[in-house]
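*Asks:* Based on what follows, work out the 3D shape:
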Amino acid sequence: MGTVSNHDLADVLGTRETTTLEFKRTAKREGRRGDAIGNAVCAMANDLQGNGGGDILVGVDDDGVPVDGVDTSDKALLALTDLRDDGRVLDRPSFTVRAAVYRGKPVVHIHVEASTTPPVRFEGVVWVRPGPTTRRATREDERVLSERRRAKDGPFDSRVIQGAALEDLDLDLFRRSYLPSMVDPEVIEENGRPLAQQLASLHLTSPDEVPTALGLLTVGFDPSSRIPGGYVQFIRYQGTDLDAPVADDQELRQNLVDTAARLEVVLRGHLHTRLVEEGFREDRRPDYPFEALREVCMNALMHRNYETSYAPTRITWFDDRIEVTNPGGPYGQVRDDNFDRVTDYRNPSLAAAMKGLGYVNRFGRGIGRIQATLERNGNPPAEFQVDDSSWAVVLRRAAV
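*Replies:* The predicted structure is shown next:
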């Protein structure tokens, strides 16, 4: 059983639904669509009324009467907490889940903090709570949420970049690739959402059409022209140290979408396969599993410090190892002794974009996926070198 608060929430939150309080009889999901809990979390995070977030009580009917049989076990609480990390709510919301008491009966209490980078979407749809009912946002709601952002107070990736203009963004790429990845098709089909509002709603520009760091990094023609460290340097040595001859040296200065496509070609081009005998069978395995390479590189781009460092993300490939280095030490709750268990985001909107575009599968699972794929391929575990100003990940070649 989850830990239960001693305070009765009816005395604290009230007994009627409001803009900041919503009741749900059950947490049961109805497939990936129509998830009432997901919609409610999204609406509270968007905080249309500016109340600072809100609360959801699971196990209470619409009249404020608690129902019997509510599951408040640790397993049930963890299942609800998973909504924070599974990538269906973007930007990733901040909320807590606990067992509590309402009118003397056990319930589940979800407390949602207001997002600093609204609008937040659940499965590509913006939900708001203008009164005691959660509903899809209108054009005007999205405009209000976009204008509520205060770039100077938010993370660097949501701030406008002075001197940048719409001409710096590949708008065709935005319409063709980025928008369909981030927004529900039904919303896109609705008439009347102009390009400027779409860009601002997705944090790519300010309401007055100045590109943000996120806009330049994800769909800019050359992000490094405005964000000096916004590129990737790849170098391949024919040996095991920096004195070895250079076989390949490239700078990838495109946006995230184009960089990912080009980086895949570069990395696959340098992979070699080997024959591994398993009984009477021979299996071909690469020196490094591509899934681990992709995860390391994408996580480096997601978590790096774009604000104060002009250094690129570096991928250095030797004959016996690959080193991936990105500027920016541990951030927020992450420390050098807990980075494999705790996740925090220096660039939350960039993390959301990478999840929407499919470059990461979910939040907080990168290191585990890297180690698991390396083990399956016969590689040693990845080595992490963390200090105050940088991260480095070393992947060792599989034994021949």
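
*Asks:* residue ranges of the strands in the stretch 151-300 of the chain, please?
*Replies:* 232-237, 246-252, 273-278, 281-286 (DSSP state E, counting those that start in this stretch).

*Asks:* shouldn't residue 290 be in contact with residue 269?
*Replies:* No. Applying Cβ atoms under 8 Å as the test, residue 290 and residue 269 come out as separate, 11.5 Å apart. Backbone N, C-alpha and C define where each C-beta goes, glycine included.

*Asks:* Burial check on residue 235, number of neighbours?
*Replies:* 16 (other Cβ atoms under 10 Å).

*Asks:* Residue 252 versus that one, what's the distance?
*Replies:* Going from residue 235 to residue 252 by Cβ to Cβ, to the nearest Å gives 12 Å.

*Asks:* Mind checking which of residue 290 and residue 269 has more residues around it?
*Replies:* residue 290 (14 against 9).

*Asks:* circling back: could the strands of the stretch 151-300 of the chain be laid out in TSV, adding mean pLDDT and distance to residue 265?
*Replies:* Formatted as TSV, these follow (pLDDT from 0 to 100; distance: least, Cβ to Cβ, whole Å):
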stretch	mean pLDDT	distance to residue 265
strand 232-237	97	11
strand 246-252	96	10
strand 273-278	74	17
strand 281-286	79	15
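
*Asks:* winner for burial among those strands?
*Replies:* For those, the largest average neighbour count (mean count of other Cβ atoms under 10 Å) is found in strand 232-237, namely a mean of 19.

*Asks:* Contacts only, for residue 255.
*Replies:* Residues in contact with residue 255, defined by Cβ atoms under 8 Å, 6 or more residues apart in numbering, are 170, 173, 216-221, 223.

*Asks:* Next, the buried residues of stretch 307-324.
*Replies:* Across stretch 307-324, burial judged by 16 or more other Cβ atoms under 10 Å covers 307, 311-318, 322-324.

*Asks:* in which helix or strand would I find residue 55?
*Replies:* Assessed by DSSP states H and E, residue 55 sits inside strand 53-58.

*Asks:* rewinding a little: among the buried residues of stretch 307-324, which are in helices?
*Replies:* Among these, DSSP state H puts none in helices.

*Asks:* how about residue 393, secondary structure?
*Replies:* Classification of residue 393 by DSSP: H, G, I helix; E, B strand; the rest coil places it in strand.

*Asks:* Against which helices or strands is the next helix or strand after the strand holding residue 55 packed?
*Replies:* Going down the chain from strand 53-58, the next helix or strand is helix 74-81, by DSSP H and E. Where contact means 3 or more Cβ pairs under 8 Å, 6 or more residues apart in numbering; DSSP states H and E, helix 74-81 is packed against strand 95-102, strand 105-113.

*Asks:* can you list those in JSON lines and add mean neighbour count and distance to residue 65?
*Replies:* As requested, the helices and strands packed on helix 74-81 are exported to JSON lines (neighbours: other Cβ atoms under 10 Å; distance: least, Cβ to Cβ, whole Å):
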{"stretch": "strand 95-102", "mean neighbour count": "21", "distance to residue 65": "9"}
{"stretch": "strand 105-113", "mean neighbour count": "22", "distance to residue 65": "9"}
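
*Asks:* Just confirm residue 234 contacts residue 250, I think it does.
*Replies:* Yes. The criterion here is Cβ under 8 Å, and residue 234 meets it with residue 250 at 4.7 Å.
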